[in-house]
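Colleague: predicted model and sequence below, questions to follow.
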Amino acid sequence: MMRQAGAVAAGCARAEGISAGCADEFSGWLSEGWHGGMEWLERHARLRLTPESVFPGVRTVLCAAFPYAHQGGHGHAHIADYALGQDYHTVLRRRLQPVADEIFNRYGALSRICVDTAPLPERYWATMCGLGRPGRSGQLIVPGVGAGVFIATILTTLELSPDSPLADFDPCADCRACVDACPGHAIGPGRTIDARRCLSYLTIEHRGPWPDDAPRPRGRLYGCDICRRVCPHGGGQVEPLPEFTPRTELKSLTPETARDITSGEWRRLTRPKNSTSAMSRLPYAQLKETLKALFGSK
């Protein structure tokens, strides 16, 4: 059913508590302050320990990977590839709803669709479901597909036979391409990321003036694809979902044209009629802070 919804990889796992090692790693990451201003990660840390806290009665975690458009080479460096099409939250919920309906109609089991909003360690569960393994940059790498995917999850009360993690798949081995290319040197040991030095975090999640000790935006307005683009596994080797076809008006946006954009134009650009964009989460005021860091303007 997941494949029919457009997934390039799918699997399931028993809805048990996450491993002690994973829990300790996340706790250590938080204690180092590497989550930056994403305080909700600390506030909801205990909820991440078990899917039961997110969906009572859950027996199975279903995970699926969906491809988005990969621009290739340097591509459109100003905006991350994943944000050039429709908002993946809306698209994947719409695509997975028939799966949840079928689970209920056929088995009478309840489900909850989660797309990057519930306190679930998605990459952990995608790994447990056998979709792929995280690379040094922390991104899930799907064999034969790469890291250009979204992860979507269905928690269900239906009990299914679990799949196995990909024990023989080592996506990185001795490769350090992403570590060496990261402009903020944000990639640490153990596939951890110091968000405070990551251009993706700084241009999307950070709020307030650009930190003095942070790397400069280097032309980025929303997100950063450097670690994925230098990865030997690449991304986008499969046809992306049509909803993720890059919009011309987003591809044509540059730091120079963004300097003159008004708040109303920004809203229309990120919330187009009958659609929406992942970029709608970025307030206009924060866009202006990024532009100040780019151009040194007031």
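Modeller: Sure, I can see it.

Colleague: how about the closest residue to Thr117 other than its chain neighbours, phi and psi?
Modeller: By the measure of CB to CB, 6 or more residues apart in numbering, the closest residue to Thr117 outside its immediate chain neighbours is His89, 6.7 Å from it. Quick note: C-beta positions are derived from backbone N, CA and C, even for glycine. Dihedral pair for His89: phi -60, psi -50, per degrees, to the nearest 10.

Colleague: next, count neighbours for His89.
Modeller: 17 (other CB atoms under 10 Å).

Colleague: could I get the full set of strands for the chain?
Modeller: Assigned by DSSP state E, the chain shows strands spanning 9-14, 60-67, 111-114, 133-134, 140-141, 149-156, 187-188, 192-193.

Colleague: can you list the ones you listed in CSV and add mean pLDDT, mean neighbour count and distance to Ile261?
Modeller: Listed next are the strands of the chain as CSV, based on pLDDT from 0 to 100; neighbours: other CB atoms under 10 Å; distance: least, CB to CB, whole Å:
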stretch, mean pLDDT, mean neighbour count, distance to Ile261
strand 9-14, 98, 22, 38
strand 60-67, 97, 26, 30
strand 111-114, 98, 21, 33
strand 133-134, 96, 18, 36
strand 140-141, 96, 26, 33
strand 149-156, 98, 26, 27
strand 187-188, 96, 19, 32
strand 192-193, 95, 20, 30
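
Colleague: about what we covered before: I'd guessed the residue nearest to Thr117 sits against Arg281; true?
Modeller: No: using CB atoms under 8 Å, His89 makes no contact with Arg281, being 9.4 Å away.

Colleague: gap between the residue nearest to Thr117 and Gly148?
Modeller: 17 Å (CB to CB, to the nearest Å).

Colleague: before we move on, what about Asp212?
Modeller: Distance from Asp212 to Gly148, by CB to CB: 33 Å.

Colleague: settle it for me: which of those two has more neighbours?
Modeller: The neighbour comparison of Asp212 against Gly148 (other CB under 10 Å) goes to Gly148, with 30 against 6.

Colleague: centre of the chain to stretch 217-229, how far?
Modeller: 14 Å (CA atoms, centre = their mean, to the nearest Å).

Colleague: list the buried ones in that stretch?
Modeller: Pro217, Arg220, Leu221, Tyr222, Gly223, Cys224, Asp225, Ile226, Cys227, Arg228, Arg229 (16 or more other CB atoms under 10 Å).
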